[in-house]
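**Student:** 3D, please:
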Amino acid sequence: MKLTVNLKENSYPIYIENGILTKSGEYISRIFNGQKIMVISDDNVFPLYGQKITDSLTSAAGHNYECHSLVLPHGEPTKNFQSLPKIYEAMLEAKLTRSDLVIALGGGVIGDLAGFAASSYLRGIKLVQIPTSLLAQVDSSVGGKVAVDLPQGKNLVGAFYQPKMVLIDPEVLDTLPDHFIKDGMGEVIKYGCIKDSNLFCRLCSHSSFEDLKPELPEIIARCVDIKRIVVEEDQFDTGERMLLNFGHTLAHTIEQYYNYERESHGEAVGIGMYQITRMAEEKKLTAPGCADRIQQALKIYGLPSSCGLPVSALTEAISLDKKNLNGHLNVVLLKEIGNSYVYPTDISFFGFSENGQENI
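**Tutor:** Predicted coordinates for the structure are as follows:
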């Protein structure tokens, strides 16, 4: 299946196909006529798929690609400012120029980190995203958001930098531990919540991820298509695209509170979606029953709906959130499942006082 993100000179194709990794060289040769390619990956993914990608690149008909690779430690702690010099050094050692290419082979951490390095090295070098986690396939590999974390918060240094191509192979998900499947399902559920009640109902009609698995390529394609439409409408996250942040205001603060070592991103998003919808229902900003439906969807796919933290513990991180502008906070709420909107408010939305200790 082919989808195209139409952004004029920044347009690019997305291919979703079982087994596409073995043909990656053929696809990349359609958009890249340079010489050098650097594959940036992590120590979980590269041993599984690095050689397969490299073999496909070096055997691409009519091309004589010179392939280099950089393998980084897996996990969110790698997505920090201190990782960038290692990447730039590897690029310089390989003598990459602006006519060369970077491939981000991995999950969201590698996609964001390698993407940011590509956006800033020599003021921009071509980028291809090959996402290998469910979360990256349905969300972070599409749309051009690249970033690194700071100690004070997630994704606080970043850029909008569109790839030249995205290659999605659903078969690679067979090697993912259950933890990372749950992680991705948090974002899949989000797409149903914000834009597609039929998708949400489809997810809720199954009993588990294994039950859903035969439909996975279609599910991935639907999520990607929703994101494509939103990104085309709002490339730089000033309006419609903000809807993609449903659940994220709380999620990012939960992740940060535990130094990215407890809840994964998708788990935190699940908690954020349920808790903010529960608060919105209490304020009559969301139709009754939505929070319960979200909680049920989370339960089906083994995701939590609470983390046991007092809301007051998250206030500082919420105040540093990128969506907090001049003391005004834009939160994403649901009118009902499948129909979302941006609600301008401030930190008082979360309904606590200095002594308030309501747990979420």
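
**Student:** Determine which residue lies closest to the centroid of this protein.
**Tutor:** Centroid-nearest residue in the chain: S140, 2.6 Å away (criterion: C-alpha atoms, centre = their mean).

**Student:** what's the distance between it and A104?
**Tutor:** Plainly put, S140 is 10 Å away from A104 if you go by C-beta to C-beta, to the nearest Å. For glycine as for every other residue, the C-beta is placed from the backbone atoms N, C-alpha and C.

**Student:** Spell out which residues are contacts of both of those two.
**Tutor:** 111, 131 (C-beta atoms under 8 Å, 6 or more residues apart in numbering).

**Student:** Just the element for N330, please.
**Tutor:** strand 328-336 (DSSP states H and E).

**Student:** Can you tell me the strand partners of that strand and which way each runs?
**Tutor:** strand 324-325 (antiparallel), strand 339-345 (antiparallel) (DSSP bridges).

**Student:** Mind telling me which of the ones you listed the model trusts least?
**Tutor:** Ranked by mean pLDDT, the strands paired with strand 328-336 bottom out at strand 324-325, which scores a mean of 53.

**Student:** Tell me how many other residues crowd R278.
**Tutor:** Counted with other C-beta atoms under 10 Å, residues neighbouring R278 total 18.

**Student:** what sits against it?
**Tutor:** R278 touches A291, counting by C-beta under 8 Å, 6+ apart.

**Student:** Quick check: it vs D42, distance?
**Tutor:** Taken as C-beta to C-beta, the span from R278 to D42 is 36 Å.

**Student:** ok, now G124?
**Tutor:** For G124, the distance to D42 - C-beta to C-beta - is 23 Å.

**Student:** Of those two, give the one with the bigger neighbour count.
**Tutor:** Counted by other C-beta under 10 Å, G124 and D42 do not tie: D42 has more neighbours, with 22 against 12.

**Student:** how about that one, what does it touch?
**Tutor:** 71-75, 78, 106-107, 109-110.

**Student:** Among these, name the least confidently predicted one.
**Tutor:** G75 (89).

**Student:** Confirm for me that that one is in contact with V109.
**Tutor:** Yes - counting by C-beta atoms under 8 Å, G75 does reach V109; the two are 6.8 Å apart.

**Student:** Comparing those two, which residue is more hemmed in?
**Tutor:** Legend: neighbour count by other C-beta under 10 Å for G75 and V109, higher for V109 (27 against 14).

**Student:** For the more buried one, which non-adjacent residue is spatially closest?
**Tutor:** Leaving aside its chain neighbours, V109 sits nearest to K79 (4.7 Å; criterion: C-beta to C-beta, 6 or more residues apart in numbering).
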